[in-house]
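>>> got a structure for you, letters missing:
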Ligand code: DMJ
């Protein structure tokens, strides 16, 4: 926690500050200087400084290489064709993991949208030929489908206007001092996700997602408009009462501080980008540029600051192409690295980002398994962007170590791991909820991020899902809902955290990526359960934890709630899974369920003066007992997934190009360079 006492302590150590760029590489407001023209001039100067002999040798070498290139291209062409013509099944067989029956070939009852994307992205197969070197790299272009005639849709510009009217926001667009190209505008790919500094090594093997041609402004619908309105209402509260602070307290019109790093603002950046909220984004961007300082004597939680801050900055960098966000990401990423200096290399939970020291919680030398295994997507991406492998090395080592550990139960992991011994502790308790949840999520997502090549990750994921099926699945009464319970020292408990509702989405994502078709079936069953966790409750909002009835009793519902568990923190997991399910099946019921949830958030958690609040009692519609706190993930995740769920545009964060971190920040899937 950030405290005045801590802030008053000694001067910060600076031995882990981020890479500093030369002035010519620094991007400021209004300009980006890593221009082709600059590079051309510099290259020409160097060329002219060479002797005639040196120039001749270089020219000869180029000519020689070109001839070799032509010869080898011709001779490899046939072999390459035969590889790429292999069916997906054959390719899978080649990659099969011993002991695992991996993939049933047919995965999804794919909707027409998903089919279309298959055609576009052959990297869905496991062995994609490398891209030619001229391939452009850069941020995605988003929302790029032509308006559909059969729907009452508006263009993005219409939408923004409508929302502005709705909330009586500023009527006149101010003259734009455009910081960067906005959304559909053209961003030169070589000014975007390419590492901006010559001091930073160009990533060798991997490239980012390919930039697409710019297309029509995005059509969006009434439900998406309602999400935009909700976001702006939440943002108004944050702006009026908590600007630059971690979380809004909407009732007391104040704020709470966790790390003192503007958590809500950073978490919300890419949501604003995706929703098309230009003014809000630019204002927030200014705060990041002028006020976000990591050189602070403050303890932060490694996991939380990685998924929210590092993840948020990286995805905003990818979407906007604005290198300010990459610079900030490098800064915070470097400052988090001391966490890995432990005897076992399993990171400590807490880091002082100003002093460069790290430590476990006061009462234990354990870390949480989910925390140490759910920081990988972000650090791996940071290495790819900076060319500095230390970030990826540190987090990969954790995964490799956990892969070899004993103490798992058919792939299910305990909740704690010791930072000295590197061993699991508190053995015997297995859950897909708090303290273990995103371990499973990141196994799959790292495998996807890395181009589906890292078999140990896939092996652990597949094994774990088998473990879930074997030990944790049960059906409730009377509706026979499939749910994921917990196992404690051999005893099954019918308890399920709302957090577990990430699982249907993750299973569906795996199935979409070629894993077993029965994962999709399980996803369908589980998302129905997660929806019932809302629908069977008086406010239509899920509690934090439910207990399922295993025995039919007259007048009893499937879902039972204990008094200590009946709060709702505006969590995203069910909406997140609804989004994946809709993307992959096209079944409108998932949109309708999400719509019900949004309306209930509006009914019971919206604070008239701005913001939304978590509540203490989802069972009491006449007094849900507001808790006076808006978690940053409501803007970072819940509303973002809501907006994506209501969209019919699969290019609005295309799931064959991006993988979401556990805080809903999309990061590019790597493709071979
Ligand atoms: C978020 O910070 C992340 O989704 C995390 O993985 C779990 N908890 C919250 C949301 O519920």
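Received the coordinates, thanks. On a predicted model such as this, the values are computed, not experimentally measured, just so you know.
>>> only C-alpha atoms from now on, for both contacts and neighbour counts.
Noted.
>>> so what touches stretch 492-505?
Contact with stretch 492-505 is made by 432-434, 437, 441, 471-472, 474, 483-487, 522-524, 526-527, 530, 542-550, 571, 573-574, 576-581, as judged by CA atoms under 8 Å, 6 or more residues apart in numbering.
>>> swap the cut-off to 7 Å and go again
Contact partners of stretch 492-505, identified using CA atoms under 7 Å, 6 or more residues apart in numbering, comprise 432-434, 437, 484-487, 523-524, 526-527, 530, 544-548, 573-574, 576-577, 580-581.
>>> ok, now stretch 535-553?
Residues outside stretch 535-553 that contact it (CA under 7 Å, 6+ apart): 476-478, 494-498, 533-534, 558-561, 565-568, 597, 600, 618-621.
>>> restricted to helices, list the residues you listed.
Per DSSP state H, helices hold the following members of the contacts of stretch 535-553: 533-534, 597, 600.
>>> for this structure, what are the low-confidence residue spans?
Counting by pLDDT under 70, the chain contains low-confidence ranges at 1-49, 66-218, 672-673.
>>> the ligand contacts on that one?
Listed as neighbours of the ligand in the chain under the rule CA under 6 Å from any ligand atom: 438, 571-572, 633, 662-663.
>>> and the residue of the stretch 151-300 of the chain found nearest the ligand, its phi and psi?
When distances are taken as CA to the nearest ligand atom, the stretch 151-300 of the chain reaches nearest to the ligand at residue 267, 9.8 Å away. Backbone torsions for residue 267, taken as degrees, to the nearest 10, come to phi -60, psi -30.
>>> and the closest residue in space to it that isn't next to it in sequence, what does it touch?
Once flanking residues are discounted, residue 267 sits nearest to residue 636: 4.7 Å by CA to CA, 6 or more residues apart in numbering. Listed by CA under 7 Å, 6+ apart, the contact partners of residue 636 are 267-268, 271, 663-664.
>>> and if you look at residue 449?
By CA under 7 Å, 6+ apart, the residues touching residue 449 are 659, 669-670.
>>> swap in residue 247?
The contact partners of residue 247, by CA under 7 Å, 6+ apart, come to 255-257, 263-264, 630-632.
>>> hmm, residue 671 and residue 658 touching each other?
No - assessed by CA atoms under 7 Å, residue 658 is found out of contact with residue 671, at 10.9 Å.
>>> so residue 566 sits right up against residue 615, yeah?
No - if you go by CA under 7 Å, residue 566 and residue 615 don't touch, sitting 8.7 Å apart.
>>> quote the end-to-end distance of stretch 532-546.
Separation of the first and last residues of stretch 532-546 by CA to CA, to the nearest Å is 11 Å.
>>> tell me the buried residues in that stretch?
Buried residues in stretch 532-546, defined by neighbour count with 16 or more other CA atoms under 10 Å: 532-537, 539-546.
>>> mind giving me a markdown table with those and columns for distance to residue 502?
Formatted as a markdown table, the buried residues of stretch 532-546 follow (distance: CA to CA, whole Å):
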| residue | distance to residue 502 |
| --- | --- |
| 532 | 15 |
| 533 | 13 |
| 534 | 15 |
| 535 | 18 |
| 536 | 19 |
| 537 | 20 |
| 539 | 21 |
| 540 | 19 |
| 541 | 16 |
| 542 | 14 |
| 543 | 15 |
| 544 | 13 |
| 545 | 14 |
| 546 | 15 |
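>>> about what we covered before: in strands, which of the contacts of residue 449 appear?
Counting by DSSP state E, these place residue 659 in strands.
>>> of the contacts of residue 449, buried ones?
Taking 16+ other CA under 10 Å as the criterion, what is buried in these is 659, 669-670.
>>> can you lay out the residues you listed as CSV showing distance to residue 511?
As requested, those are exported to CSV (distance: CA to CA, whole Å):
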residue, distance to residue 511
659, 14
669, 17
670, 19
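>>> surely residue 327 is within a strand?
No - Residue 327: not assigned to a strand; according to DSSP: H, G, I helix; E, B strand; the rest coil it is helix.
>>> the helices in the stretch 401-550 of the chain, which residues?
437-449, 455-467, 503-512, 517-535 (DSSP state H, counting those that start in this stretch).
>>> show me the residues of the chain next to the ligand that map onto helices.
Secondary structure defined by DSSP H assigns 438, 633 of the residues of the chain next to the ligand to helices.
>>> which one of the residues of the chain next to the ligand sits in the busiest neighbourhood?
Neighbour counts for the residues of the chain next to the ligand peak at residue 438, which has 27 neighbours (criterion: other CA atoms under 10 Å).
>>> which ones are touching it?
Residue 438 makes contacts with 370, 374, 662, as judged by CA under 7 Å, 6+ apart.
>>> kindly report the same for residue 467.
Counting by CA under 7 Å, 6+ apart, residue 467 has contacts 409-412.
>>> and the helices in the stretch 201-350 of the chain?
Counting by DSSP H, counting those that start in this stretch, the stretch 201-350 of the chain has these helices, from start to end: 222-241, 263-275, 278-291, 302-304, 311-320, 323-336.
>>> in TSV: the contacts of residue 438, plus distance to residue 505.
Below are those laid out as TSV (distance: CA to CA, whole Å):
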residue	distance to residue 505
370	18
374	16
662	12
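>>> which of the residues you listed sits closest to residue 320?
For the contacts of residue 438, the minimum distance to residue 320 (CA to CA) is 20.3 Å, reached by residue 662.
>>> who's in contact with the closest one?
Counting by CA under 7 Å, 6+ apart, residue 662 touches 307, 438.
>>> next one: residue 275
By CA under 7 Å, 6+ apart, the contact list for residue 275 reads residue 228.
>>> tell me the spacing between it and residue 615.
With distances taken as CA to CA, residue 275 is found 26 Å from residue 615.
>>> the closest residue to residue 566 other than its chain neighbours and the ligand, how far apart?
Of all residues not flanking residue 566 in the chain, residue 543 sits nearest, at 4.6 Å (CA to CA, 6+ apart). With distances taken as CA to the nearest ligand atom, to the nearest Å, residue 543 is found 12 Å from the ligand.
>>> for residue 543, grab phi and psi.
Per-residue torsions, residue 543: phi -80, psi 170 (degrees, to the nearest 10).
>>> please name the bridge partners of the closest residue to residue 631 other than its chain neighbours.
Spatially, and ignoring its direct neighbours in sequence, residue 631 is nearest to residue 247 (6.2 Å; CA to CA, 6+ apart). Per DSSP bridges, the residues bridged to residue 247 are residue 256.
>>> could you do residue 367 as well?
Bridge pairing for residue 367 (DSSP bridges) gives the partners residue 417.
>>> am I right that it is in contact with residue 345?
No - contact criterion CA under 7 Å: residue 367 and residue 345 do not qualify, at 11.4 Å.
>>> which one's more surrounded, the two?
Under the neighbour definition other CA under 10 Å, residue 367 and residue 345 were set side by side, and residue 367 has more, 25 against 18.
>>> distance of that one relative to residue 360?
7 Å.
>>> got it, and residue 350?
The gap separating residue 350 from residue 360 is 6 Å, by CA to CA.
>>> more neighbours, these two?
Taking other CA under 10 Å, residue 350 and residue 360 do not tie; residue 350 has more neighbours (24 against 19).
>>> for that one, which non-adjacent residue is spatially closest?
Spatial nearest neighbour of residue 350, chain neighbours left out: residue 301 (4.6 Å); criterion: CA to CA, 6+ apart.
>>> rewinding a little: quick check: the farthest pair among the contacts of residue 636?
Greatest spacing in the contacts of residue 636, by CA to CA: 271 and 663 (11.2 Å).
>>> surely the residue of the stretch 151-300 of the chain closest to the ligand meets residue 631?
No - applying CA under 7 Å, one finds residue 267 not in contact with residue 631, separated by 10.0 Å.
>>> the more surrounded of the two?
Set residue 267 next to residue 631 and count neighbours by other CA under 10 Å: residue 267 wins out with 28 against 21.
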